[in-house]
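Peer 1: give me a model of this one.
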Amino acid sequence: MTASFTTKLLGLAAYTGLVAVTVPYIQHHHRNIILPSRVLNAVLPRYYPAGDVAAGGTGTGTGTAPADPFVCRAQNYTTQIVSLDPLVVYIHDFLGEADVAALLAAGEPAFRPSHVEKHGRAQGTPDRTSWSAGLPADDTAVRCVLRRAEAFMGTMLAPGRDEIGPPQLVRYTAAQRFNLHHDWYDAFQPDRGGGGGGRRRDRRWNRVASFLAVLQDECTGGETWFPALRAVTPQHLRRDEREGEGEGEGRAPPPRPPPWRRHEDGGLAFRPVRGNAVFWVNLHANGTGDERVRHAGLPLGSGLKTAMNIWPRRYIGPEAWAEGQEPPEEAEEGKRVSDWGGKQEKEEEEELVVDDAEVDPI
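Peer 2: Numbers count the residues shown, from 1 in each chain. Predicted coordinates:
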């Protein structure tokens, strides 16, 4: 009896070990295979960090949640204006170390191959080879960072009408990229979330702006390139004095490149810097998309880059405002802008638009 039980136990242990070794290999070489969550969650975390499973066995995840409960604290960030028209702002220290650790822990289990919106539907494409993870709306760290982003925008979002939108993480490993695309949609999108009592409101939305905040920057390459972007003044002599502070003993820190540079093919390229973010405005005043903020995630040479996308939403339509919250003086203006979505002329070949990861609506 005892020998039989021992034999079964050893067999189960061997099987479990085989699954733990095999599944990451399968996911790494066959990106479209999505295994049952009970397999990933119940078996693999004992042997591989969550990020390793999610990213196909690349060894990139932390695998553990932060030791201490997350506390939302004010972040002492600073800003630099990169461009006035379109408005692009570089934000130093937008995320603190506690923010980064908590956001990674919240998103690691959800990483899946990234998709785009193309020809009216979400789909995989060789233009985008990264991984994406929707972030839970009820996570304390997620809510903290979203409130910070909303406060940064000041009066760009109207309380009672606009929303900060569902965030996601995006991850790039060696040779992964995202070719030129824009974050805004050609037409305002119908509301798919539940309004009061679960009812969908008669309203539409578009991404009025974007935040791209870097969580992990252990990589070469991986810049975010805006080919049509121009700095306000020439920047060829700029040195980033913030980078390298405190290095060395009794000697000046080694020079490091600024957080952005003039790209050899035109425009500006932003290198990934942990904790820093880029903010830009996507829509013109009339609600149409600004082609000048088309951008690309350039391929990584080596290593790992993880960032957080935040896409604030501007709403239009008869029920854009929550019930009883529409200001009387803007009622007529709301009627005029409800036609924004149909005024954008589409090009012959539809461009790529980054697609939301699957997340709970906020």
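
Peer 1: Gly96 and Asn276 touch, don't they?
Peer 2: No. Gly96 lies out of contact with Asn276 (CB atoms under 8 Å); the separation is 11.6 Å. The C-beta positions use only the backbone N, C-alpha and C, and glycine is treated the same way.

Peer 1: tell me how many other residues crowd Arg112.
Peer 2: 17 (other CB atoms under 10 Å).

Peer 1: distance check, it against Ser132.
Peer 2: 6 Å (CB to CB, to the nearest Å).

Peer 1: Asp290 too?
Peer 2: Distance of Asp290 to Ser132, given as CB to CB: 24 Å.

Peer 1: ok, back up a step: Gly96 and Asn276: which is more packed in?
Peer 2: Per other CB under 10 Å, whichever of Gly96 and Asn276 has more neighbours is Asn276, with 21 against 17.

Peer 1: ok, the more buried one - contacts?
Peer 2: Residues in contact with Asn276 (CB atoms under 8 Å, 6 or more residues apart in numbering) are 90-95, 213-214, 259.

Peer 1: tell me which of these fall in strands.
Peer 2: 90-92, 213-214 (DSSP state E).

Peer 1: most neighbours among these, which one?
Peer 2: Each of the ones in strands among the contacts of Asn276 was scored for neighbours by other CB under 10 Å, and Ala213 scores highest at 26 neighbours.

Peer 1: return the set of residues that bridge with the closest residue to it other than its chain neighbours.
Peer 2: Nearest non-adjacent residue to Ala213, counting by CB to CB, 6 or more residues apart in numbering: Ala277, 3.7 Å away. Beta-bridge partners recorded for Ala277 (DSSP bridges): Ile91, Ala213.

Peer 1: cool, and Ser132?
Peer 2: Arg112, Val170.

Peer 1: sorry, back to before: between the contacts of Asn276, which sits nearest Pro167?
Peer 2: Nearest to Pro167 among those is Ala213, at 9.4 Å by CB to CB.

Peer 1: okay, now His263: neighbour count?
Peer 2: Here the number of neighbours of His263 (other CB under 10 Å) works out to 16.

Peer 1: and it, what does it touch?
Peer 2: 223, 225, 227, 269.

Peer 1: what does Val214 give?
Peer 2: Per CB under 8 Å, 6+ apart, neighbours of Val214: 95, 272-277, 305-307.

Peer 1: which of these are buried?
Peer 2: 95, 272-277, 305-307 (16 or more other CB atoms under 10 Å).

Peer 1: circling back to that earlier point, ok, so of the contacts of Val214, who is nearest Ile164?
Peer 2: Set against Ile164, the nearest of those by CB to CB is Ala277 (14.2 Å).

Peer 1: I'd say the closest one and Ser210 touch.
Peer 2: No. The criterion here is CB under 8 Å, and Ala277 misses it with Ser210 at 9.9 Å.

Peer 1: for Phe221, list each beta-bridge partner.
Peer 2: For the record, residue 221 is Gly, not Phe. Leu300.

Peer 1: what's the neighbour count on it?
Peer 2: 19.

Peer 1: ok now do it, which residues does it touch?
Peer 2: Counted by CB under 8 Å, 6+ apart, Gly221 has contacts 298-302.

Peer 1: so which helix or strand of the chain has the lowest pLDDT on average?
Peer 2: helix 37-42 (a mean of 36; mean pLDDT, DSSP states H and E).

Peer 1: quick one: contacts for the residue nearest to Ala213?
Peer 2: Shown in contact with Ala277 (CB under 8 Å, 6+ apart): 90-91, 94-95, 211-214.

Peer 1: what does Val142 give?
Peer 2: 103, 106, 135-136, 167.

Peer 1: I'd like those residues as JSON lines, with distance to Leu283, pLDDT and neighbour count appended.
Peer 2: Output for the contacts of Val142, formatted as JSON lines (distance: CB to CB, whole Å; pLDDT from 0 to 100; neighbours: other CB atoms under 10 Å):
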{"residue": "Leu103", "distance to Leu283": "26", "pLDDT": "98", "neighbour count": "25"}
{"residue": "Ala106", "distance to Leu283": "29", "pLDDT": "97", "neighbour count": "23"}
{"residue": "Leu135", "distance to Leu283": "24", "pLDDT": "97", "neighbour count": "26"}
{"residue": "Pro136", "distance to Leu283": "28", "pLDDT": "96", "neighbour count": "18"}
{"residue": "Pro167", "distance to Leu283": "19", "pLDDT": "98", "neighbour count": "28"}
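
Peer 1: let's have those in CSV, adding secondary structure and distance to Asp183.
Peer 2: As requested, the contacts of Val142 are arranged in CSV below (DSSP: H, G, I helix; E, B strand; the rest coil; distance: CB to CB, whole Å):
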residue, secondary structure, distance to Asp183
Leu103, helix, 20
Ala106, helix, 22
Leu135, coil, 17
Pro136, coil, 22
Pro167, coil, 13
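
Peer 1: so His202 touches Tyr315, yeah?
Peer 2: No, residue 202 isn't His; it's Asp. No. Applying CB under 8 Å as the test, Asp202 and Tyr315 come out as separate, 10.5 Å apart.
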